[in-house]
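1. Predicted coordinates and the sequence they were generated for:
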Amino acid sequence: MINKEEFRRKVIITAGAIFSRYGFKKTTMDEIAKGLKMGKSSIYYYFESKEEIFEAVVLHEANILRNELTTAIKSVESPVEKLKNYVFVRMKTFEKLSNYYNAIFDKNLDHFDFVENIRSRYDLEELAIIRLILYHGARKKVFSVSNSEYTALAIQTSLKGLEVPLFWQKKEVNIEDRLNAILDVLFHGILKK
């Protein structure tokens with residue numbers, strides 16, 4: 001007898017690799033079944049549709065991102081290092097989690113309610129994390145932040161602006177140099193002192 005959670009996890013991992021390779025639209029249940037080396041009926045016992053599998057894959061990847069970010073933030077004390085770790089881990093992990101990234105940014109997936117829910121939750125979680133880092137930095141008198149909400153939005157917007165050249169153009173881009181440039185402007189501004 002197969003453990004239900006173990007089987008679901010196996011489907012999610014296998015389907016995630018297939019969705020990454022072919023995209024949601026081109027992936028078929030036949031390919032997922034073939035990847036698992038079993039019949040489609042076995043999969044349908046645990047998942048009603050390809051959409052349900054994709055949702056499970058995206059949520060699985062969202063948890064990976066959340067865990068990696070939490071670890072990166074907790075691994076350092078300094079608010080500056082927390083923000084740096086957050087920015088670097090966010091961008092590098094996004095690159096690996098293509099299904100989660102596609103769910104958030106692919107307009108062809110807009111018709112799925114779960115995608116809009118994931119996008120909203122992601123934006124809110126990200127803003128909350130950045131605001132918390134800013135709050136702790138301001139309390140420790142490391143950051144000068146007059147409005148943490150607007151500052152968090154500005155940081156989030158600049159990170160989203162980097163995603164297009166990094167992930168969609170698939171060109172060789174030195175991500176570290178670009179991230180360091182954003183962090184330099186963020187921490188030091190552009191005004192001559």
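-> Arrived safely.

2. CA atoms for contacts and neighbours, from now on please.
-> Will do.

3. quick one: F7 and S42, what's the gap?
-> 10 Å (C-alpha to C-alpha, to the nearest Å).

4. neighbour count winner among these two?
-> With neighbours defined as other C-alpha atoms under 10 Å, F7 and S42 compare such that F7 has more, 15 against 12.

5. contacting residues for the more buried one?
-> Contacts for F7 were tallied using C-alpha atoms under 8 Å, 6 or more residues apart in numbering; there are none.

6. Looking at it now. What's its pLDDT?
-> pLDDT recorded at F7 is 90.

7. per the record, what domains does this protein have?
-> 1-47, 49-188 (automatic domain parsing).

8. counting contacts, what elements does the strand or helix carrying R90 pack onto?
-> Assigned by DSSP states H and E, R90 belongs to helix 79-96. Packed against helix 79-96 by the contact rule (3 or more C-alpha pairs under 8 Å, 6 or more residues apart in numbering; DSSP states H and E) you find helix 50-74, helix 98-105, helix 113-139, helix 175-188.

9. now for those helices, which one comes closest to K37?
-> Counting by C-alpha to C-alpha, K37 lies closest to helix 50-74 out of those; the figure is 16.5 Å.

10. mean confidence score for the closest one?
-> Averaged over helix 50-74, pLDDT sits at 92.

11. for stretch 116-125, same thing?
-> In this model, stretch 116-125 has an average pLDDT of 85.

12. now swap in stretch 104-112 and tell me
-> So the average pLDDT for stretch 104-112 ends up being 73.

13. Need the residues that contact that stretch.
-> So stretch 104-112 is in contact with 103, 115-116, 118-119, going by C-alpha under 8 Å, 6+ apart.

14. Whichever of those residues end up buried, select them in PyMOL.
-> The following PyMOL line selects those of these that are buried, judged by 16 or more other C-alpha atoms under 10 Å:
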select buried, resi 103+115+118+119
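
15. Tell me the spacing between the residue of the chain positioned farthest from its centre and L179.
-> For the chain, the largest distance from the centre (C-alpha atoms, centre = their mean) belongs to K193, which lies 36.3 Å off. Distance from K193 to L179, counting by C-alpha to C-alpha: 23 Å.

16. before we move on, the earlier item: buried deepest among the helices and strands packed on helix 79-96, which one?
-> Counting by mean count of other C-alpha atoms under 10 Å, helix 98-105 has the highest mean neighbour count of the helices and strands packed on helix 79-96, with a mean of 22.

17. Now find how far off-centre that one is within its chain.
-> Distance, stretch centre to chain centre, for helix 98-105: 7 Å (C-alpha atoms, centre = their mean, to the nearest Å).
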